[in-house]
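K.L.:
coords please:
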Amino acid sequence: MADRSTAAVDVADTSGEEPLTAKAGASTGDGKSRERDTAPEDTEETGQAGSSATVSAPELHSGHKLARRYRLEECLTRLDGFSSWRAVDEKLRRAVGVHLLPAEHPRARSVLAAARSAALLGDPRFVQVLDAVEEDEIVYVVHEWLPDATELTALLAAGPLEAHDVYQLAQQISQAMAAAHREGLSHLRLNPGAVLRTSTGQWRIRGLAVNASLRGIDVDSPQRTDTEAIGALLYAALTQRWPYEDDAYGLSGLPKGMGLIAPDQVRAGVHRGLSELSMRALVNDGSTASRQESPCTTPDELVRAISEMPRIRPPEPVFTALPEYQRTSYQQGSYGRPAPRAAQTAPVVVPPPPLQTRTGKVLKWGVAALLIAALGLGSWQLADALMDRDTADQPETNQPVDATDEKPKTATHKITGAAEYAPDGSPQNAASVSNTYDGDSSTYWRSRSFVDGPRLAPYKEGVGIVYDLGTERDVSSASIGLRYSGDRTTVELYAAGSMDSATPVSSMRKIGTGTTRSTTAKVDAKEAVKTRYVVVWLTHVPQAPGDQYSGSGYKQAITDVKLKG
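P.N.:
Residues are numbered from 1 along each chain as shown. Prediction:
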């Protein structure tokens, strides 16, 4: 089934706009030269000039499959010997992005190496690389697709961002790039099109290392280049202007001949601390920070500078006051108010005493009749009991109750350990399994979000968790707390021989099945099964809205599991 937590493909820039670090040919703050984004007719400045012009992008079409799995849907760009596509992973039924280039392309090897290095980082603040393969004379890189995310370019088209949003952008992007550089990875094309904001307000970066390798971009000081790029992003978010003279990314540049001026001099009301922060990151070509602070030349220095700033809180919510009460035209009078009439004293009606009305009398007699009947019935029962006791030959003996008539009491077994059960080798959220038996209903283990449902098969047999009871115990029922209600959730219980996911459920003994539309699933067995390991297996899940972890789709989360016997 398709995992909806994916990322938008990075569309290659065919406009020839300059990279975030500044104009082509200008010098950076460290004295190194910068490159212009490669257009189809441009040559690379990386020692491979003109070599890519002889290699054309692979001639593929919509519907073509890579590795009998990734079906190409739409070509988003074709540039400089490579192409970018929106595709579908038919095995997991999810949307993905794909970069394609011929294996003989001069940058094919560097693209593969960059993609595999980025995949090893595994930082959720970056759009993840899912696959990087050379096959059939084609090199392709598969990455996430985020349908619920919005590019910074689109956000800036509506106007500058609020100070709190810019603060979050600076903090999250700087921390992410600092972590990447500690692992030896750089971006070098960190522009508004490479920064995304998800529906939960998180900022994510796409194209780490891969975008620069696709275009053959290489610099002597990658940390300075990425830091200056972050400064340009902050400048644009504060002013809705590009911090250089040329227009770029749908933003107007600064007036020619004025040089780099501080954001709070471009637009009124800009947060002073954020304005200074962007200038410290943008120091180049002889410019200095607006408040004479030391420049930030690495993402780590930028992170430290942000931590020293006072925290910017989100704006207070605005509550709309209720409209004032207005009189109607009848109350106001179209032709003036009528003259007040002389006050008249209304006669005071004294209510009758309690139960002296006609209804009260009927109620009183009814209650009296009921009391008399109750007294008579009680007297008769008392007399009958006394007569039975006097005529009894022997005192009544208490007969022992047959223990087999009582329903045996069930006990909740203690769970000593658990692991995600993923026989297909694709776990959902293995790190959160312990949340299902920690006694806290606010924590949970979640599945990914799938496109089709409620039934997961045939694309995925199911998702689940195997629990260890410490020793063999009789298991006759289970109570599973769920996070999402909806169409239906079907839970199956199996007795397993171990916690190994390699054993299919078809070879296990089935304990029982339960289906629910609420947030609690009950599974009862016809007879108790003695086992140490129990598999809770979900085969049907309801549709649920998106959250901070995944988009909307068919999914489920387990909050509490209780196994009884």
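K.L.:
And residue 454, how close does it get to residue 562?
P.N.:
24 Å (CB to CB, to the nearest Å). (Each C-beta comes from the backbone N, C-alpha and C, glycine too.)
K.L.:
which stretches of this structure have low pLDDT?
P.N.:
1-58, 283-292, 318-358, 386, 388-409 (pLDDT under 70).
K.L.:
Okay, helices next: where are they in it?
P.N.:
Per DSSP state H, the chain carries helices over the ranges 108-121, 152-157, 163-182, 210-215, 222-239, 263-266, 272-281, 299-307, 329-332, 358-391.
K.L.:
could you dump the ones you listed to CSV with distance to residue 59 and mean neighbour count?
P.N.:
As requested, the helices of the chain are exported to CSV (distance: least, CB to CB, whole Å; neighbours: other CB atoms under 10 Å):
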stretch, distance to residue 59, mean neighbour count
helix 108-121, 16, 19
helix 152-157, 30, 17
helix 163-182, 34, 21
helix 210-215, 18, 26
helix 222-239, 34, 26
helix 263-266, 46, 20
helix 272-281, 43, 23
helix 299-307, 40, 19
helix 329-332, 76, 8
helix 358-391, 95, 10
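K.L.:
Now render these as JSON lines, adding distance to residue 534.
P.N.:
Putting those into JSON lines (distance: least, CB to CB, whole Å) gives the following:
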{"stretch": "helix 108-121", "distance to residue 534": "35"}
{"stretch": "helix 152-157", "distance to residue 534": "48"}
{"stretch": "helix 163-182", "distance to residue 534": "39"}
{"stretch": "helix 210-215", "distance to residue 534": "43"}
{"stretch": "helix 222-239", "distance to residue 534": "50"}
{"stretch": "helix 263-266", "distance to residue 534": "60"}
{"stretch": "helix 272-281", "distance to residue 534": "54"}
{"stretch": "helix 299-307", "distance to residue 534": "46"}
{"stretch": "helix 329-332", "distance to residue 534": "72"}
{"stretch": "helix 358-391", "distance to residue 534": "54"}
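K.L.:
Select, out of the ones you listed, the one closest to residue 462.
P.N.:
Residue 462 lies closest to helix 108-121 among these, at 27.2 Å (CB to CB).
K.L.:
okay, the angle between the closest one and helix 163-182?
P.N.:
Calculated by axes from the mean of the first three to the mean of the last three CA atoms, to 10 degrees, helix 108-121 forms an angle of 110 degrees with helix 163-182.
K.L.:
and helix 108-121, what does it pack onto?
P.N.:
Applying 3 or more CB pairs under 8 Å, 6 or more residues apart in numbering; DSSP states H and E, one finds that helix 108-121 contacts strand 94-102, strand 129-135, strand 138-143, helix 210-215.
K.L.:
Touching it from outside, list them.
P.N.:
With contacts defined as CB atoms under 8 Å, 6 or more residues apart in numbering, helix 108-121 is touched by 82, 99, 101-102, 105, 126, 128-130, 132, 134, 139, 141, 179-180, 183-185, 208-210, 212-214, 216.
K.L.:
Go again with 7 Å.
P.N.:
Contacts with helix 108-121, where a contact means CB atoms under 7 Å, 6 or more residues apart in numbering, come from 101-102, 129, 132, 134, 139, 141, 180, 183, 185, 208-210, 213-214.
K.L.:
tell me how far stretch 441-456 is from the chain's mean position?
P.N.:
Taking the mean of its C-alpha atoms, stretch 441-456 sits 12 Å from the chain's own mean (CA atoms, centre = their mean, to the nearest Å).
K.L.:
how long is it from one end to the other?
P.N.:
Terminal residues of stretch 441-456 are spaced 25 Å apart (CA to CA, to the nearest Å).
K.L.:
Buried residues in that stretch, which are they?
P.N.:
444, 445, 446, 447, 448, 449, 450, 451, 453, 454, 455, 456 (16 or more other CB atoms under 10 Å).
K.L.:
again, but for stretch 557-564
P.N.:
For stretch 557-564, by 16+ other CB under 10 Å, it's 557, 558, 559, 560, 561, 563, 564.
K.L.:
Just to check, the last one is in contact with residue 476?
P.N.:
Yes: taking contacts as CB atoms under 7 Å, residue 564 lies within contact range of residue 476: 6.4 Å.
K.L.:
Brilliant, that's me finished.
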